[in-house]
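Chemist: need a structure here:
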Amino acid sequence: MNGDFHQNFTRFFLTLGILKPQEKSKQPMTFQSAIKEGAIHRLMPRTGLEVIVSDYSFHQEHQMNISTVEPMVEIGFCLQGTREVHIANRQYEVKAGTCTLQLIEQVEASFLFKKEESYHMVGIGIPVSTFNHYMEKINGNNGASINFSTVLHGSCYRLFQEEINPLDMGMVKQLLEAIATNRMTNLELESMTLQLLKRTFQTFFPPPTNPVEFSQGDRAKLVQAQAIMIENMMTPPSLMELSRLVGLNDFKLKKGFKEMYGTTVFGYLREKRLEKAFYLLQNGTMNVMEVANAVGYSNPSHFAEVFKAKYGLTPRDFIRYRS
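Modeler: Below is the predicted model of the structure:
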């Protein structure tokens, strides 16, 4: 798991239409195709650390397929555009305004880019060994229980996604400004990038509030539980099924999940369902019933009730307001 993960980015850029993806140039890379426009900055402040700033759009809908050659970890900040990716018969969406953490084995991936939609993203890639080292430092002496393999839990891909918090957004904007004006040294770029990595890892793998009662192994299983609920949003497992899937007893699952994420398992699921519903309604391609079904609500009245409780408007009022 310690090969040259930079090859994954090189393959992506070649498939995207950049004929000569430069690995150590401060000049932006541009496209060699009439169907897309924009540029990508590719920076490597040191070995084992890659920073990508992408800002491009397509003049027509575009799909591209790529296979990774080395396992890797990538955090991302999606500032504009919603990108779809299909991996192992699952569809994932990286949405605007979100911070993501991706754990990627050797996979076959299919990306879909929409016509005339601008994509503006910042990505930071690291090898698996660096991720595992961070987990040990963040989680103390027992941190080895949370590592690349335990988080993947037999899968080839995991996506974690949350809204970008204001502090991180400020750091990202500062990073973009410095790169655009070419006034940041490699040491400064490395320092800021490592700060963003650490903060993102702490967002998705928060330190334990009660380390005596919950071991690092338990926390790794709670992270798996969170991922399972998100991946099965339409048909989530029961608490008993979830307990069996991650190998935690019912008491530890409920108590540990609330301490780790600040809410119950199904309270967390409800929040994520409503966030996705908000995005789908805002996107305007589905009606209220379709959105309700897409996020796992079979009763449209109940869906309208919980949506209004969170956003202050019923889904239908939200659509009228948006229009």
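
Chemist: Just give me the neighbour total for Ser243.
Modeler: Counted with other Cβ atoms under 10 Å, the neighbours of Ser243 add up to 20. C-beta coordinates here come from the backbone N, C-alpha and C atoms, glycine included.

Chemist: How about the contacts made by it?
Modeler: Asn249, Asp250, Leu253 (Cβ atoms under 8 Å, 6 or more residues apart in numbering).

Chemist: Would you map out the domains in this structure?
Modeler: Domains of the chain are assigned by automatic domain parsing as 6-203, 206-262, 268-322.

Chemist: what's the pLDDT at Leu197?
Modeler: Note on Leu197: pLDDT of 93.

Chemist: which one is the residue most central in space within the chain nearest to, not counting chain neighbours?
Modeler: With distances taken as Cα atoms, centre = their mean, Thr100 lies nearest the centre of the chain, 2.3 Å away. Here the nearest residue to Thr100 in space, its sequence neighbours aside, is Gly76; by Cβ to Cβ, 6 or more residues apart in numbering that works out to 4.5 Å.

Chemist: for that neighbour, helix, strand, or coil?
Modeler: Here Gly76 is strand, with the state taken from DSSP: H, G, I helix; E, B strand; the rest coil.

Chemist: Quick check: pLDDT value at it.
Modeler: On the pLDDT scale, Gly76 is placed at 97.

Chemist: next one: Leu248
Modeler: Predicted confidence (pLDDT) for Leu248: 93.

Chemist: Pretty sure Asp4 sits against Pro71.
Modeler: No: using Cβ atoms under 8 Å, Asp4 makes no contact with Pro71, being 11.3 Å away.

Chemist: Neighbour count for these two, which is higher?
Modeler: Pro71 (23 against 13).

Chemist: What are the neighbouring residues in contact with the more buried one?
Modeler: When the contact criterion is Cβ under 8 Å, 6+ apart, the partners of Pro71 are Met1, Phe5, Ile104, Glu105, Gln106, Pro127, Val128, Phe148.

Chemist: Just the ones of those in helices?
Modeler: Taking DSSP state H, the ones among these that sit in helices are Val128, Phe148.

Chemist: What's the PyMOL line that selects buried ones from the contacts of Pro71?
Modeler: Buried subset of those, written as a PyMOL selection, criterion 16 or more other Cβ atoms under 10 Å:
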select buried, resi 5+104+105+127+128+148
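
Chemist: quick one: the helix or strand bottoming out on mean pLDDT in the chain to chain centroid distance?
Modeler: Within the chain, confidence by mean pLDDT, DSSP states H and E is lowest for strand 29-30 among all helices and strands, at a mean of 75. Strand 29-30 sits 25 Å away from the centroid of its parent chain (Cα atoms, centre = their mean, to the nearest Å).

Chemist: Starting from that strand, tell me which strands it pairs with and how they run.
Modeler: Strands adjacent to strand 29-30 in the sheet, as given by DSSP bridges, are strand 36-46 (antiparallel).

Chemist: Point out the other helices and strands that the very next helix or strand once past the partner strand packs with.
Modeler: Toward the C-terminal end, the helix or strand that comes next after strand 36-46 (DSSP states H and E) is strand 49-58. Applying 3 or more Cβ pairs under 8 Å, 6 or more residues apart in numbering; DSSP states H and E, we find strand 49-58 packed against helix 6-16, strand 36-46, strand 118-126, helix 186-204.

Chemist: Tell me where this structure has strands.
Modeler: Assigned by DSSP state E, the strands in the chain fall at 29-30, 36-46, 49-58, 62-67, 72-80, 83-87, 90-94, 98-104, 108-113, 118-126, 157-163.

Chemist: now those in CSV, with distance to Met171?
Modeler: Output for the strands of the chain, formatted as CSV (distance: least, Cβ to Cβ, whole Å):
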stretch, distance to Met171
strand 29-30, 24
strand 36-46, 15
strand 49-58, 13
strand 62-67, 29
strand 72-80, 9
strand 83-87, 22
strand 90-94, 19
strand 98-104, 11
strand 108-113, 27
strand 118-126, 10
strand 157-163, 15
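
Chemist: re earlier: from the contacts of Pro71, pick the one nearest Gln60.
Modeler: Gln60 lies nearest to Ile104 out of the contacts of Pro71, by Cβ to Cβ, at 27.5 Å.

Chemist: quick one: the closest one from Phe148, how far?
Modeler: Using Cβ to Cβ, to the nearest Å, Ile104 is found at 10 Å from Phe148.

Chemist: Please apply the same query to Tyr261.
Modeler: Computed as Cβ to Cβ, the Tyr261 to Phe148 distance reads 21 Å.
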